[in-house]
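> sequence plus the predicted model coming up.
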Protein chains: 2
Amino acid sequence: MNLLNKVGRYSFLSEPFHCDFSQRLFIARLGNILLNAADFHSNERGYGMTILHPLHKTWVLSRLAIELEEMPTAYQKFYVETWVEGVMKYFTNRNFAVVDEGGQVFGYGRSVWAMIDTDTRQPIDIQAVNDGIVSQYVEVEKSCSIDKPSRVKMTDAAQRVRTISTCYSDVDMNGHINSVKYIEHVMNLWDMNFHRSHQLKRIDVAYVAEAYGGDELAFYVEQTGSEEYCVRITKYAKAAPQEVEVCRCKLLFVQARR
Amino acid sequence: MNLLNKVGRYSFLSEPFHCDFSQRLFIARLGNILLNAADFHSNERGYGMTILHPLHKTWVLSRLAIELEEMPTAYQKFYVETWVEGVMKYFTNRNFAVVDEGGQVFGYGRSVWAMIDTDTRQPIDIQAVNDGIVSQYVEVEKSCSIDKPSRVKMTDAAQRVRTISTCYSDVDMNGHINSVKYIEHVMNLWDMNFHRSHQLKRIDVAYVAEAYGGDELAFYVEQTGSEEYCVRITKYAKAAPQEVEVCRCKLLFVQARR
């Protein structure tokens, strides 16, 4: 069994203009980097977006969880290791480890992906695609020592705190609101003073529906622990004026270390 | 004369999550990449931010112009070449070429930088720093075939079209609004339909003053040609409620090629 072939390893730089005022990488940029690593890894192994698109299929991110011990700081080089931990009929579990050159761990990520038919937008039996090629690369022994993506439970007590109109820069290559832009907008719900005294420890994101450029997004926040918050994002599409949930997040902060 | 030593060359990937709905790299991301290249190049030659910070000095971007024939598309690898074309007492001119592996040119950039004392915020005689080390790397023969950064002339006819509150994700490592975030916000002034039918050909940005996280930014637009627009950005700081100009841009669009 060739472990290296199952686990992809990609190097990234913590670019200075992707770091926040505390010189740590923005969590949205780290999310971005994990998705890049997933993309590189799956394309190299014959089941990535570039292979699926001509077949009128694509991967859809359903859940993403990131938990951090430390965040890479400006100019740090780091590596993202990624592997598929399990393949079910309609979902795959993909894990991530964010490590430095010496193998020290910054944190881990977990994600859940569905495959859909891009014509019908319906889920596809993943194991029926390309002779179940994904299953050949399942790696169950490599450790990813964080909890699975959690359900985000919210009540009607959640308060609407912001509404934004999505713009050109929010829209990805598929014409949808970029998955990591939700994280950027959610982090912006807290002001600079909060960010000066807090660091993100863990974020869970559940993607529910797609939004499109020009849609209005509403953000509802509920505090669910002393440093834990849940956020529900809904959209008002121009074509269909009813409010539809697009995304839910749970964020756990810790006191900032300086 | 060692040309290679004066010109830095850095490779970048047009990452899929940094591409717009037309699969072309976002101009704000390209701006970001040019500033990264400038940072790498100057640090490697002994006059970059990492050398200047302990000396209580820093570079401040005063003008940036980018003009494009084509924009890199998703997954394309490209190179940014950068060099200092001239050093005056208070300003340096730094140029950029964006090229592919075969040397074909995507476009060029020009920038003007001042050096300031971070304690007094006053400009410094650049040639007096580290025995005028920057001057040793001036490269005047390499071609940068676009016009110099232009003055952005605007009249009182400019219309205020948007006001935004700056957030956590707008703020850079120095605590200021990130230079390229202005470009992102400016591009967002046009709706998706406009972007579907237009591509940016050239942008000129003049940075006038710093803004800080939490400041409100107001955007004023004036159409100055059939496909040319000027944008003035002002801030309302919480501490000082008068309106202050922070940035001006001129944008030239062309009809989109599909």
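It's in. Note that the structure is a prediction, hence the values are computed from the model and not measured.

> from here on, contacts and neighbour counts on C-alpha atoms
OK.

> which non-adjacent residue is nearest residue A:168?
Among residues not flanking residue A:168 along the chain, residue B:188 sits closest, at 5.3 Å (C-alpha to C-alpha, 6 or more residues apart in numbering or on different chains).

> tell me the pLDDT of that neighbour.
pLDDT, residue B:188: 98.

> next: residue A:130.
With respect to pLDDT, residue A:130 scores 80.

> which non-adjacent residue is nearest the residue of the stretch 51-200 of chain A found nearest chain B?
Relative to chain B, the nearest point of the stretch 51-200 of chain A is residue A:173 (4.1 Å; C-alpha to the nearest C-alpha). Spatially, and ignoring its direct neighbours in sequence, residue A:173 is nearest to residue B:21 (4.1 Å; C-alpha to C-alpha, 6+ apart).

> three-state assignment of that neighbour?
coil (DSSP: H, G, I helix; E, B strand; the rest coil).

> for it, give its distance to residue B:200.
14 Å (C-alpha to C-alpha, to the nearest Å).

> repeat that for residue A:188.
Shown here: residue A:188 relative to residue B:200, a distance of 28 Å by C-alpha to C-alpha.

> what's the answer for residue A:59, then?
In this view, residue A:59 and residue B:200 are 31 Å apart by C-alpha to C-alpha.

> any regions of chain A where pLDDT drops low?
Low-confidence segments of chain A (pLDDT under 70): A:1-4, A:258.

> try 80 this time
A:1-4, A:237-241, A:257-258 (pLDDT under 80).

> coming back round to it: who touches the residue nearest to residue A:173 in this structure?
By C-alpha atoms under 8 Å, 6 or more residues apart in numbering or on different chains, the contact list for residue B:21 reads A:171-175.

> list buried residues within those residues.
A:171-173, A:175 (16 or more other C-alpha atoms under 10 Å in any protein chain shown).

> which parts of the stretch 51-200 of chain A sit against chain B?
Residues of the stretch 51-200 of chain A lying close to chain B (C-alpha under 8 Å from any C-alpha of the partner chain) are A:167-169, A:171-175, A:178, A:184, A:187-188, A:190-192, A:195.

> among the residues you listed, which are in helices?
Among those, DSSP state H puts A:184, A:187, A:192, A:195 in helices.

> just put those residues in a markdown table and tack on neighbour count.
Shown next, in a markdown table, are these (neighbours: other C-alpha atoms under 10 Å in any protein chain shown):
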| residue | neighbour count |
| --- | --- |
| A:184 | 20 |
| A:187 | 19 |
| A:192 | 20 |
| A:195 | 19 |
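
> residue B:104: which of those residues is nearest?
Of all these, residue A:184 has the smallest distance to residue B:104: 34.8 Å, by C-alpha to C-alpha.

> gap between the closest one and residue B:219?
On the measure of C-alpha to C-alpha, residue A:184 and residue B:219 end up 22 Å apart.

> again, but for residue A:30
Going from residue A:30 to residue B:219 by C-alpha to C-alpha gives 30 Å.

> residue A:117 now?
Distance, residue A:117 to residue B:219, using C-alpha to C-alpha: 42 Å.

> who has more neighbours, the two?
Set residue A:117 next to residue B:219 and count neighbours by other C-alpha atoms under 10 Å in any protein chain shown: residue B:219 wins out with 21 against 16.

> which strand or helix spans the more buried one?
Using DSSP states H and E, residue B:219 maps to strand B:216-223.

> just checking: what are the partner strands of that strand?
Neighbouring strands of strand B:216-223 in its sheet, by DSSP bridges, are strand B:159-165 (antiparallel), strand B:228-236 (antiparallel).

> go ahead and confirm residue A:9 touches residue A:80.
Yes: counting by C-alpha atoms under 8 Å, residue A:9 does reach residue A:80; the two are 5.6 Å apart.

> need the residues touching each of those two.
residue A:37.

> these two: who's more crowded?
Shown here are residue A:9 and residue A:80; by other C-alpha under 10 Å, residue A:80 has more neighbours (25 against 19).

> before we move on, back to that, how about the residue nearest to residue A:173, phi and psi?
Phi and psi for residue B:21, reported as degrees, to the nearest 10, are phi -60, psi -20.

> how near is it to residue A:176?
Taking C-alpha to C-alpha, one finds residue B:21 at 8 Å from residue A:176.

> out of the contacts of residue B:21, which two sit at the greatest distance?
A:171 and A:174 (7.8 Å).

> sticking with the residue nearest the centre of chain A, tell me its helix or strand.
Chain A has residue A:64 as the residue nearest its centroid, 4.1 Å off, counting by C-alpha atoms, centre = their mean. Assessed by DSSP H and E, residue A:64 sits inside strand A:57-68.

> following that strand, which helix or strand shows up next?
strand A:77-87.

> report the buried residues of that following strand.
Buried residues in strand A:77-87, counted by 16+ other C-alpha under 10 Å: A:78-87.

> which outside residues touch the longest helix along chain A?
The longest helix of chain A (DSSP H) is helix A:27-44. With contacts defined as C-alpha under 8 Å, 6+ apart, helix A:27-44 is touched by A:8-10, A:12, A:18, A:48-51, A:66, A:80-83, A:94, A:96, A:109, A:180-181, A:183-184, B:15-17.

> check contacts around the closest residue to the residue nearest to the centre of chain A other than its chain neighbours.
Of all residues beyond its chain neighbours, the one nearest residue A:64 is residue A:111 (4.4 Å), with distances taken as C-alpha to C-alpha, 6+ apart. Residue A:111 is in contact with A:61-65, A:93-95, A:149, counting by C-alpha under 8 Å, 6+ apart.
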